[in-house]
Structures are given as C-alpha cells and as structure tokens.
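Novice: Got a predicted model here, sequence first, then my questions.
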Amino acid sequence: MSETALAAERQGTDKAQPLVVRFAGDSGDGIQLAGYEFAKSTADARSDFMTFPDFPAEIRAPTGTLFGVSAFQIQFGADEVLTPGDRADVLVAFNPAALATNLQNLKPGGVLIVDETHFDARGLKKAKLDVNPLEDRTLDGYQVITVDVEKRTLEALKSLELGRKQAVRAKNFWVLGLVYWMFARPLGKTQDWLNVKFKKTPAVARANIMAMKAGHAYGETLEISAVPDLTAPRVAKHKGASRIISGARAMALGLAAVAALGRRDIVFCSYPITPASTLLHALARLEGGVRTFQAEDEIAAATAAIGASFAGSLGVTASSGPGLSLKTEALGLGVAVELPLIVIDVQRGGPSTGMPTKPEQSDLTMAIHGRHGEAPLPVLAPATPDDCFWIMIEAARIAIETMSPVIVLTDAYLANAASDWEIPDIDNVPDIDRPRVKPDGEGEFRPFARDPLTLARPWVAPGTPGHAHRIGGLEKAKGSGHISYDPANHAEMTRARAEKISRIADRLPAIEMEDGVQDGDILIIGWGSTHGSIAQAVKELNAEGARVSHVHLRHLWPLPRGLEALIRCFPRAVTAELNTGQLSSILRSEYLAPVTCISQVNGQPFYVSDLKAEITRRLETCVHE
Amino acid sequence: MNEMPLKPNDFGSDQEVRWCPGCGDYAILKAMKTVLADIGRSPDEIVFVAGIGCAARFPYYLSTYGFHTIHGRAAAVATGVKLANPDLDVWVVGGDGDFMSIGGNHTLHALRRNVDLNLLLFNNAIYGLTKGQYSPTSPIGTRSPSTPGGSVEQPVNPVRFALGCGAKFVARAADTLQTHLPVVLKRAHANKGASFVEILQNCLVYNDGAFGAINDRSESQEATVRLEHGQPMIFGKENDKALLFNKRTCRFEAAKIAGLENRDDIAIHDETSLERALALAALEQPDFPVPLGVIYAAEAPEFIEARGFSGTWSEWDREKLKALL
C-alpha cells in the first residue's frame, strides 16, 4: 500500500487516494478550457493538484483525426501532489480518435466516459479503427459510461434556437457538468466565469451554462451502481492562501517582481514561438514594470534585449530551442560586453521543428556550451511551476551581480502545467542591487574594472553624466575596455570571464538533497521539470523500503559546490533526464565520476511508475555497471 | 551642465582612428562632430550603436556612449536602447553589408515601426573589412575576389528600399560634401521617428570612384541635384539644368533650362509626397543627377511613444506588485 493510501486510512474519509482525471478530444472541442475549469474547481475544493495540458501543435486539425487529439490531465489529492499523475482513474473521451490514442493512459479498471456520437463508420475510419471499440471486447475491464453527448447537448439547448454547429460547441461544458456531478463539485464559479468571459456574447454564456447544468442533471439520472463514488473531498490541510498558476504565468509574475525589486522597468523582447509565446502574452497584459517588445525575429529579440541592458534596464528574451540557436551569436556578444541579460528557453522536442508542444530537456548542452569562442555563462532550471516565479528573481540577481547573460531552461510541460500556488511573501525578498560604479574604489571610471569578489564590471548606462564610454564585441583591454589584440590581455580576459562565472557557485547555498540519506544505495540526480516525477518515485520507493536519494539541480552551470563529493558518497549515481543523457555526460566530464542516465525522449514527462521500475532495476545491478 | 558650448572636437574620443588614409569615413566623422556640437546635447545623453565593418568602428572615435555590436544587428540593439530609455539620442551606423544584407530585416522593421533612431547607412558598395567582395549595393559587373568574372546581381537601391519599408524620413548625402552632409544629418536628428540617411562613401582601397562625380567636390554639381523643400530642382555647375515632372508617366525628366518654354515647368521639391519621393529614388547616374538631401519626410506616430513608454521607470513598485500577486 502506498504512503498516501496509508495516510488516507489513518486520517479518515477526507483523505482518499489522489485521483487522476484526463480529458481527451479534438483540439477544437475546448478540452483545455474544460480541463482548466476543472482545475480551478479543484483549487476551490482545496485539494493539492498538478495539471498537464498535452496538445498537438496544430491549432484545429481536421476533426476526428488521431493527430488532432488534445488532452488535459490533472491529479489531485489531500497530500502533496507532485505530478499530474501517470495513468488516469477517469478518462473522458470525446470521440473515437481520442479513445484510440488515450485508452493507454487509463488505468486498468478505470472509469471511462465516452461520447458515443461519432462511433459511426465515418468516425471510426477517421480514427483508423476497423471495429467499433464500444462493441468488441476492447473496453473489457474498464467501467464504461457511454453517453450520446452531442444529442443531449442539442436537446438541452433546443429552446435557444441556435444553429446545430453552435449548439454542439457547448458539449465540453455538458461533459464538464457531468464530471462536476461525479465529483460533487458546485457549478457556481464556472457559471460566473462564463458570464464574465462571454460578457459581450451572452447567448454563448447562456448556452454553455445550460449545457453544463444539463450534463450535471444527467448525472442524477444515472444508476448509482454504474458510477464509482469519487466524491470524497480530498482537502489538503497544509494550505494557506493560494491560487492556480502555470509555469508561464509564474515566470511573468517573477519578472514583474524583478522590476519591483530592481526599481527599474525591465524590457522583455521575444519573437512568437511555441511553447514560449504564452510568456509574452502574460507579460503584455501587465500594467507596469515590464516593457514588452515583439521583435521581427529571434536575433532582434536577443539583440534588442542586450541594447536595453546596455541602456540600464534588465533585458529579457524568451524562446524555444530553434530560437535559442538563432540567438547564440548575440549571447556571445552579451558575454563579451559583460551585460546582464536573461534568456528563457522553453524547451521542446527537437531537433529542428521537432515536436513544438511536447516537453524535452534536450537543450542543456547547447545552453552550457553552445557558443563560439570561450563564452561561459550561468544556466538555471526551475523545478516546479512555483519555482518558475523564484527562478526569475534568482536569474536576475545572478545576471546583475555578475554582469552576465543567464540562461533559464524550462520546458513545454513546466510552462503549461498548472498547480496551486501559495502567494509569495515579497516583503522578505531583498532588493536587487547593481554592481558598484568603481569596483576598485578610487580613481577614474573604468568600464572594465572588476569587483574583487564577484569579478563583475560596473553597469553604467548612457545618460549617466561624466561616464560616457564605448563597449563592443572586440576584445577589450582589462580595466579601460579599449580595443586590445594583446595576447596576454586576451588570455587574462578569457580566464577572468570564466572565473567570474565559476565564482557564482561560491555564493550559492550548500547543496541539499531533496530526499534520502547520504549513505543510500543510489543517488538520482534530476534537474528542471522532472522534479515532481522523481520526488514522487523516490518517496514511494523509500516507503516500500528502498534506500534511494534524490538531488535536484536548480543551478546547472556553474555546478554547485559539493555535488562531486555527494556523487562520490553513493555506489550508484544516475541522472533522470528527458534527453539521451546530457547532464550525465557533463557530470562525467567534470568529475570523472561514473554517472549513468535514466533517459526518456518520447515527448512526455516521466511516469512515476516507469521511474520506479527503472530505479529498481538499477538497484539490482552491480555497482559501476 | 555644460556652461561652455561644446566644440566639434569635444565629441572626439581619445582613440586613434584606424581607417585607411583617405577613407570617406573620416569626412563623415568630421561632419558628425560638427553636427553634434551644433545640436548641443551632452555626449552623456547620446548613444552611437554600430554593427560590424569599417563604418561600424565609428562609435569608438566619438566621446559619446557607444556600442559596437554584431554584424547587421545595430538597429535591433538600438531599438532596445530606446525601449529602455527613450530620452537618449540614438544614432545607428552601419555599412551596406550591415543595413542591406545581413541586417536587412532589422532595417525594414526599424523603419516600418518608426522607432526614433537616426540610421546612417555608409554605402561604399563593397565589403571593405573582409577585403573587397561585392556587396548588395555593388552594380552589375563588379569584379571582386568573390566575383572574378563580374557580379550579375541587381543591386538594391537603399532609398527605394527605405521608402518601400514605409520609412517616414529618407535622405541621401555624400561623404565629401561637407556643407551639405551636416545639414542633412541635422534634419535627420530633428525628425521624431526613424530617420534613414544613405551616405555615399568612397572606399579608396577596394572601390575608389564608385560614385563617380557625385562625391567629387568639383564635379558634384553636375552629377547630383540638391533637394530643398519648396524649391525648384535645379542642378549643374552653372545652375543650367533642371528636373521636370512628367505627370503622364509619373517620372522625372532632365532638361537644360535654356531650352524650356516656361521656367515654371521646373519641378518644385515636395518632400511630403511619397509618389514624388519614389520617382526621385529611381533617378540614377548616368542618365540623371542623383538626388541628394531630404527626399521624403512625413509625420507619423513614433513607436516608443505610441507604446506609451517614457523615462526608465513606470512607477512600478512592491505595493503594486503585491496587489498583482
């Protein structure tokens, strides 16, 4: 029995097991919308939760096709929920294609709600099904509830005299109503939200509300024996004031916080690219602190951000892998002129256009090493949607304190995944201060004089009287910053730029393990969005009696001090990454330590069950395989 | 702050100038210092942003703030400078490689957006710093290390390009014309928005005489027509020739004034007319005098102002942040 189940048994009825619900349908069916509303209602029910929107790159693929299927998954429970869950307890399939592609995501014995409307010859053909899965034995072993959703939605909206097409559009809310009934959730907040959202088209609001109520009422007519009881409240007791937040939204708020803490507007420059654009959208709606600029291309986004940093604002640019490739020359400039800059890479499956909406952690090597010349810069990665807020402040602090571009690696999962979010206490966060104008004390202003501790140069913006100076990509004489081709100077400047980055590690807090003991049997090293999956897998394995430890890196470059010693404490050290082993090869080359990798590159987050199985397998192998 | 008015030399830096002796860039630098002294703003409030190439070394030789960036990206960097601090005077300097080739996209969008930048294209119709390859403004038949048999590509006409991008201020000048160039630069500075100036610049080493008589001070009057808003378009050493506008073909024609039936047929320059500007942009040597001066100037909202950004700080603070959270 898992720890959560044990806890539930101890604490009574409001502590039932966490549940996973998955909605799947056409990308035009409003799956994400219905899913997000369900997540909001989950937050209101004060459960802990995590969501995972899993959608295709196509905006509205032809209806009924396999490649047009969009899904939204949520796990919620009374205990801390770290992942959106592996396989679902409840799957809602809106059409044959959604059933065909998502049945594998439903637990054996799970509840399956199917809209049977399109299980005709045409619908089955589009989904490339030879036989109707509702009629053969495909669904044996599941608790199946088939409903003619479209017909019932049309019936419910008959009085509104809408066109068939328009009426059918409300079917996601009909289904949401039924799901709300299954979980004993109130409809009021979604109803209020619909009234606000469709203020200008009240007929649409009314249709959706009527459909939702009809779906809810339909639940009442179901025979109780046909429906499992899913109504246990699952209230998380640990929670303070919270709201639902996605990683992208948390990042936007983090940047707004950076502006307040640095007491100067920041300039956010980006070019539309999936899955990074949501950040631009979120920032464009802010009413102060962040000046957004939609540039003509990725290069302009990066260079405009550098221009903004030169002029004294913190420049920020965001993109995904292909865009980061285009920005690399500009990053070299940023390193050479030693200006602060934040570069956010929302990673997706690559190479090239790859899988634009699917997460992967495959830009790590590029982030750390992918520039011409010796051009080291710090690389960070947030672990959770909540951490997306804090990592922005951390990145800004490092960028300004060291006068360097900083890359922040997030991914399509982290950007879109939402969880409940405890509102941060900003009063206890110190201001972000700038390096001293005269780091070496006396004398005249020298734009490339260095702070003896951080090795940062001063940041003096145009407009500052008496400090006019020139910077550029040519090698600079130390101190003065004049053009210099002197061999000894170049060697010294190259080493100073590297040392400056290396010293960041001196100022980081001591490395701490997430879970496990220092003399455990295996150390799992994770970074970025895999935090939840790894933490859950390790927690469950240890509850089952294993001795597994977990360390999760927020700072990927420079690597934290103490990591090497920690790795050497363990007979086995294994990274778990959504790539083919990029962190493990970096650790091997840095430490000459035999670090191996649990690798996954299917465009999906880790399943906890897969990780558990793989860690168990590694534990069974002899040391230093 | 500056009690004494600044002189041109106050805008020079302490750096040794590293252009080839006789390079047209020296003349542009000289004119620029004069203009900056005339404008009278402190060097502390002026920024020169440059790309890569001979021209792009420009910022090092001025006492203002300066940023020598990467090839082609100066206009984008400068846009970022303005976003962060719209109060600065920002000049962008680049060559034909910077503006018309690797950075063509940024030129297009800086002009289209009408960002308050003074964009100076030093056009020498050759890649100088990489040792003489043909450039996007080189005429067909240019023999260069990369085109030993002569180039076959049609060159871009920068003024036409700028007009096509929707630029609201387009001018042309030449390096050696030291009474004319500063006037154009001052007009460019006075314009609120993107000001595009093509400066025909002679490369002594790789492309000497590329612009023929245009920037030969003694012959220039024959090869160019100096545009002044509201004034007749007269040219020639003896002021004996003029441009006429054929309303039927919408094209300019050149004629000797002596042969005209009516002197009123001489075209009057209207810098606010886009149609006339496009017709002027089409005039090229040897059939026509090359128009110099402000070819087009029209009012339009400036980008940064239209976005509502001013100063460096929008009064955003912890309290407002807390309300947002």
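Specialist: Thanks, I have the structure now. Numbering: from 1, shown residues only, chains lettered A, B, ... in the order given.

Novice: What distance do you get for the residue nearest to residue A:132 when sequence neighbours are not counted to chain B?
Specialist: In space, and not counting its chain neighbours, residue A:132 is closest to residue A:119: 5.5 Å by C-beta to C-beta, 6 or more residues apart in numbering or on different chains. Bear in mind the C-beta positions are built from the backbone N, C-alpha and C, glycine included. Distance, residue A:119 to chain B, by C-beta to the nearest C-beta, to the nearest Å: 47 Å.

Novice: do the least confident helix or strand in chain B by mean pLDDT and chain A meet at all?
Specialist: None of the helices or strands of chain B scores lower by mean pLDDT, DSSP states H and E than helix B:318-324, at a mean of 92. Yes: using C-beta under 8 Å from any C-beta of the partner chain, helix B:318-324 reaches chain A at B:318, B:320, B:321, B:322, B:324.

Novice: Check which residues of that helix are buried.
Specialist: B:320, B:321, B:324 (16 or more other C-beta atoms under 10 Å in any protein chain shown).

Novice: cool, and stretch B:295-304?
Specialist: B:295, B:296, B:297, B:298, B:302, B:303, B:304.

Novice: So which of those belong to strands?
Specialist: B:295, B:296, B:297 (DSSP state E).

Novice: if we look at chain A, which of those are close to it?
Specialist: Applying C-beta under 8 Å from any C-beta to those, none is adjacent to chain A.

Novice: Going by distance to chain A, which of the buried residues of helix B:318-324 wins?
Specialist: residue B:321 (4.2 Å; C-beta to the nearest C-beta).

Novice: so what's that closest one up against?
Specialist: A:256, A:257, A:259, A:260, A:289, A:426 (C-beta atoms under 8 Å, 6 or more residues apart in numbering or on different chains).

Novice: cool, residue B:66 as well?
Specialist: Here residue B:66 is in contact with A:469, A:470, A:471, A:472, B:47, B:48, B:49, B:50, B:58, B:59, B:60 (C-beta under 8 Å, 6+ apart).

Novice: could you redo the last one with a cut-off of 6 Å?
Specialist: A:470, B:48, B:59 (C-beta atoms under 6 Å, 6 or more residues apart in numbering or on different chains).

Novice: Isn't residue A:409 up against residue A:344?
Specialist: No: when contacts are counted by C-beta atoms under 6 Å, residue A:409 is not listed as touching residue A:344 (8.3 Å).

Novice: neighbour-wise, which of the two wins?
Specialist: residue A:344 (29 against 26; other C-beta atoms under 10 Å in any protein chain shown).

Novice: and that one, helix, strand or coil?
Specialist: strand (DSSP: H, G, I helix; E, B strand; the rest coil).

Novice: Mind exporting the C-alpha coordinates of the least confident helix or strand of chain B to PDB?
Specialist: This file holds the C-alpha atoms of helix B:318-324, laid out as PDB (Å, rounded to 0.1, in the frame of the first residue of the first chain):
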ATOM      1  CA  ARG B 318       6.500  46.400  -4.300                       C
ATOM      2  CA  GLU B 319       3.000  47.600  -3.400                       C
ATOM      3  CA  LYS B 320       1.700  47.400  -6.900                       C
ATOM      4  CA  LEU B 321       3.400  44.000  -7.200                       C
ATOM      5  CA  LYS B 322       1.700  42.800  -4.100                       C
ATOM      6  CA  ALA B 323      -1.600  43.900  -5.500                       C
ATOM      7  CA  LEU B 324      -0.900  41.900  -8.700                       C
END
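
Novice: Sketch out the low-pLDDT regions of the stretch 201-325 of chain B for me.
Specialist: Judged against pLDDT under 70, the stretch 201-325 of chain B has no low-scoring part.

Novice: Give me the phi and psi angles of the residue in it that chain A sits nearest to.
Specialist: In the stretch 201-325 of chain B, the residue that lies nearest chain A is residue B:316 (3.5 Å; C-beta to the nearest C-beta). Dihedral pair for residue B:316: phi -80, psi 140, per degrees, to the nearest 10.

Novice: doesn't residue A:289 make contact with it?
Specialist: Yes: between residue B:316 and residue A:289 there is a contact at 3.5 Å, judged by C-beta under 6 Å.

Novice: These two - which one has more neighbours?
Specialist: Neighbour tally, residue B:316 and residue A:289, criterion other C-beta under 10 Å: the higher count belongs to residue A:289, 25 against 22.

Novice: Tell me how many other residues surround residue 317.
Specialist: Here I'm looking at chain A. Residues contacting residue A:317 under the criterion other C-beta under 10 Å number 34.

Novice: that's the wrong chain, I wanted chain B
Specialist: Residue B:317 has 15 nearby residues by other C-beta under 10 Å.

Novice: residues contacting it?
Specialist: residue A:260.

Novice: go with 10 Å
Specialist: By C-beta atoms under 10 Å, 6 or more residues apart in numbering or on different chains, residue B:317 lies in contact with A:259, A:260, A:261, A:263, A:288, A:289.

Novice: State the pair within those that is farthest apart.
Specialist: Greatest spacing in the contacts of residue B:317, by C-beta to C-beta: A:261 and A:288 (13.8 Å).

Novice: okay, the two: which has more neighbours?
Specialist: Counted by other C-beta under 10 Å, residue A:261 and residue A:288 do not tie: residue A:261 has more neighbours, with 20 against 17.

Novice: Now do that one, the pLDDT please.
Specialist: At residue A:261, the model reports a pLDDT of 95.

Novice: ok, now how distant is it from residue A:534?
Specialist: Computed as C-beta to C-beta, to the nearest Å, the residue A:261 to residue A:534 distance reads 31 Å.

Novice: ditto for residue A:151
Specialist: 45 Å.

Novice: next one: residue A:184
Specialist: Distance from residue A:184 to residue A:534, by C-beta to C-beta: 33 Å.

Novice: Look at these two and report which has more neighbours.
Specialist: Using other C-beta under 10 Å, the more surrounded residue of residue A:184 and residue A:534 is residue A:534, with 29 against 13.

Novice: wait, is that one part of a strand?
Specialist: No: assessed with three-state DSSP, residue A:534 is helix; it does not lie in a strand.

Novice: contacting residues for it?
Specialist: Neighbouring residues of residue A:534 by C-beta under 10 Å, 6+ apart: A:82-83, A:383, A:514-515, A:524-527, A:548, A:550-552, A:575-576, A:598, A:606, A:608, A:611, A:615.

Novice: could you pull out the strands for the stretch 101-250 of chain B?
Specialist: B:118-123, B:126-127, B:133-134, B:169-174, B:195-200, B:224-226, B:234-235, B:241-246 (DSSP state E, counting those that start in this stretch).

Novice: Format the ones you listed as TSV; extra columns: distance to residue A:602 and mean neighbour count.
Specialist: Shown next, in TSV, are the strands of the stretch 101-250 of chain B (distance: least, C-beta to C-beta, whole Å; neighbours: other C-beta atoms under 10 Å in any protein chain shown):
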stretch	distance to residue A:602	mean neighbour count
strand B:118-123	48	28
strand B:126-127	48	25
strand B:133-134	47	21
strand B:169-174	54	28
strand B:195-200	51	28
strand B:224-226	66	24
strand B:234-235	71	22
strand B:241-246	68	19
